[in-house]
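Peer 1: The following block contains a protein sequence and its predicted model.
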2 protein chains.
Amino acid sequence: MPNIYDIAKKAGVSIATVSRVLKGGANVKKETYDKVMQVIEELHYAPNNLARKLAFKDFSSSTFGVIIPDIAHIFYQEIVRNIYNILRKKNYNLFLFGIYFEETEKIIQYLLKENLSGLIFINIPLSEMNCNLLHKQNIPFCVLERPNPFCNSIYVDNYQGGALAAQYLLSKGYKKIAFIGETQNTWQQQQRLKGFKDFLCQHNPSVQIYEEYIDINPSIDYALHEETAKKITLKLHEQYNIDGFFFYCDELAYGGIKAQSLLKKKIGIIGYDDLPFSSFFNLTTIHQPIETMGAEAARQLLHLLHTKKGSHSYINIRLSPTLIIRNT
Amino acid sequence: MPNIYDIAKKAGVSIATVSRVLKGGANVKKETYDKVMQVIEELHYAPNNLARKLAFKDFSSSTFGVIIPDIAHIFYQEIVRNIYNILRKKNYNLFLFGIYFEETEKIIQYLLKENLSGLIFINIPLSEMNCNLLHKQNIPFCVLERPNPFCNSIYVDNYQGGALAAQYLLSKGYKKIAFIGETQNTWQQQQRLKGFKDFLCQHNPSVQIYEEYIDINPSIDYALHEETAKKITLKLHEQYNIDGFFFYCDELAYGGIKAQSLLKKKIGIIGYDDLPFSSFFNLTTIHQPIETMGAEAARQLLHLLHTKKGSHSYINIRLSPTLIIRNT
DNA sequence: CTGAAAGCGCTTACAG
DNA sequence: CTGAAAGCGCTTACAG
């Protein structure tokens, strides 16, 4: 790769002149300009942005890193979409990173070298050590979708969401209730289930709660998981006469809807997340205010970016989910 | 923001020593190390990555920009996902950019300053001028989802896809056929419709083709568009006895499926794109090989990145869509 | 174990 | 209109 000296030499001018040409050619004689331009084209020269920024004293990248566990997950995509819309409005960019099975600390070390303006971790448990790593670098960051005592975080109360689901099923008069979740028992799921059970037991101590778990393989087609959810729904309904179903997430609930279409009796189905397609399915579900979450995250980071104060008290914002009643 | 000189001065050492401490502290006396570290913490110092990279002579960003028209579009999200999976395997990162209504040339100018390793444009028409802008900067790039004579491109043949849809509907014996598209008549849609009509006319000259167009507002819930598609399907079926429907994309076809559920007679429904949910819906559709497209795009750019040769002949790769027969 | 100096590739007063 | 020089913030031989 040629640099500005190569161009200057070949064009028989100083690097200052090359720089001027690069800037558009103000205060450069036409002939000189043309000559330099010609050499630039010949050598396929493109100025080095790193050096340029350094000289400009413009160190900002204007891009935020958004780190998600899994890039294929629809709900994460929805959150990212919300964040992106806000970032763009403020003229910031998006660097998207999916962690998968990589070690969080390694990823952080890696991201720290990417010269990003800030980091938004979605549903990623950051240890105190990892947070300190970030605090030390003085980079604005926050965690979404789960509370974290060692940094700013914004999350939607899963316990409350579970309770909301229970309340709905009870209000509709369903007697035999099931929870259908995933075998990888995430923190979110535990919270939702706990809120669900607590509410049920409190308001109807005699209620029986069935639990079933589906093994989710992210590399596999949705259809398969939904098919499994459908079968489990049918089985539970036929074997135990269960009529109220709370699904850990909307994708699974779609399976419930399919089961319903095969049944004569109306069963209660409630999902979680309110995915874009759920309104089309007329699925009753728990909505997470991800627009608010995205907006608040962006607002926080932008604020931190401009104040650059290292604070030792962190804000944990708890948001409330809402019940969206539709046709199930 | 303090720099390395501030630290050196306050710690009473040279910047070389500070640099060594930053690197981990090899060949530094323990006391010196501790002293420097203390100052670093006190001043919340974080080294400047731009300068560091410059000094390292490490100019690569290892991140590719992926530019899409609209970040909310599910099909684009699917393509991005495929590209991402490949990039990560090769240890490259993703910078995601949604153009929306901004001017392409402006965006290119802007992206050029972001020090990216390469650019992948998805379904974005790049003028010769825009391509030259990129070629001049010697940055590897390609266009996906539409052919482009001025740069490398990879696309799936929409004309062929339309023909495939026609063939399917005809093979199933449907007589009265409709195409349901979007009012913004994109290049893709024109191609699909043309392939569709040409095949129909050729193989069954007497066939009548109805066309209906739905006004899509991207800021609005899917459900609304699907609802509209449902109503149109019902209307066409009832008024004109239409029994074979080709939808411009799967989202619209979902509306057709809903219509089917209200009808006694079986109608033919075929979509386009094979979205993740389509297998769950049992939707017959046209699949675009986006895995291949993503892989090929990544392969091309990585190759260009390593050879860095300015070539003047470009490759346009045409991929074939495939018919996925399910239950509609 | 430590520091002075050169260098990474660029920009921008300053002087002419 | 043009060039020599200083500077952006860092790293790394080199010498001691």
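Peer 2: Ah, there it is. Numbering: from 1, shown residues only, chains lettered A, B, ... in the order given.
Peer 1: Show me which residues of the stretch 151-300 of chain A sit near chain B.
Peer 2: A:221-223, A:226-227, A:254, A:258, A:261, A:276-277, A:279-280 (C-beta under 8 Å from any C-beta of the partner chain). Where you see a C-beta, it was placed from the backbone N, CA and C, and this is true even at glycine.
Peer 1: Stretch A:116-124 and chain B in contact?
Peer 2: No - judged by C-beta under 8 Å from any C-beta, stretch A:116-124 and chain B are separated, with a smallest distance of 9.3 Å.
Peer 1: how far does that stretch sit from the chain's center?
Peer 2: 9 Å (C-alpha atoms, centre = their mean, to the nearest Å).
Peer 1: what does stretch A:72-88 give?
Peer 2: Computed by C-alpha atoms, centre = their mean, the separation of stretch A:72-88 from the middle of its chain amounts to 6 Å.
Peer 1: For the stretch 201-328 of chain A, which segments count as strands?
Peer 2: For the stretch 201-328 of chain A, the strands defined by DSSP state E, counting those that start in this stretch cover A:208-214, A:244-247, A:268-270, A:285-287, A:316-319, A:322-324.
Peer 1: mean pLDDT for the ones you listed: which is lowest?
Peer 2: Here the lowest mean pLDDT among those goes to strand A:208-214, at a mean of 91.
Peer 1: for it, the distance to its chain's centre please.
Peer 2: Centroid separation for strand A:208-214 versus its chain: 28 Å, with C-alpha atoms, centre = their mean.
Peer 1: Just name whatever secondary elements that strand is in contact with.
Peer 2: The contact analysis (3 or more C-beta pairs under 8 Å, 6 or more residues apart in numbering or on different chains; DSSP states H and E) places strand A:208-214 against strand A:176-182, helix A:187-203, helix A:222-240.
Peer 1: hey, least reliable of these by pLDDT?
Peer 2: Here the lowest mean pLDDT among the helices and strands packed on strand A:208-214 goes to helix A:222-240, at a mean of 89.
Peer 1: in that one, what counts as buried?
Peer 2: A:222-223, A:225-226, A:228-230, A:232-234, A:236-237 (16 or more other C-beta atoms under 10 Å in any protein chain shown).
Peer 1: Could you give the number of residues near A:His306?
Peer 2: 9 (other C-beta atoms under 10 Å in any protein chain shown).
Peer 1: go on, A:Phe56?
Peer 2: Neighbour tally, A:Phe56, other C-beta under 10 Å: 10.
Peer 1: DNA strand C contacts on chain A?
Peer 2: Residues of chain A lying near DNA strand C by C-beta under 7 Å from any atom of the strand: A:3-5, A:15-16, A:18-20, A:22-23, A:47-48, A:51-52, A:54-56.
Peer 1: can you map out the strands along the stretch 1-150 of chain A?
Peer 2: Counting by DSSP E, counting those that start in this stretch, the strands of the stretch 1-150 of chain A are A:63-68, A:93-98, A:118-122, A:141-144.
Peer 1: so who does A:Tyr159 touch?
Peer 2: If you count contacts by C-beta atoms under 8 Å, 6 or more residues apart in numbering or on different chains, A:Tyr159 has them with A:191-192, A:194-195, A:198.
Peer 1: switch the cut-off to 6 Å
Peer 2: Residues in contact with A:Tyr159 (C-beta atoms under 6 Å, 6 or more residues apart in numbering or on different chains) are A:191, A:194-195.
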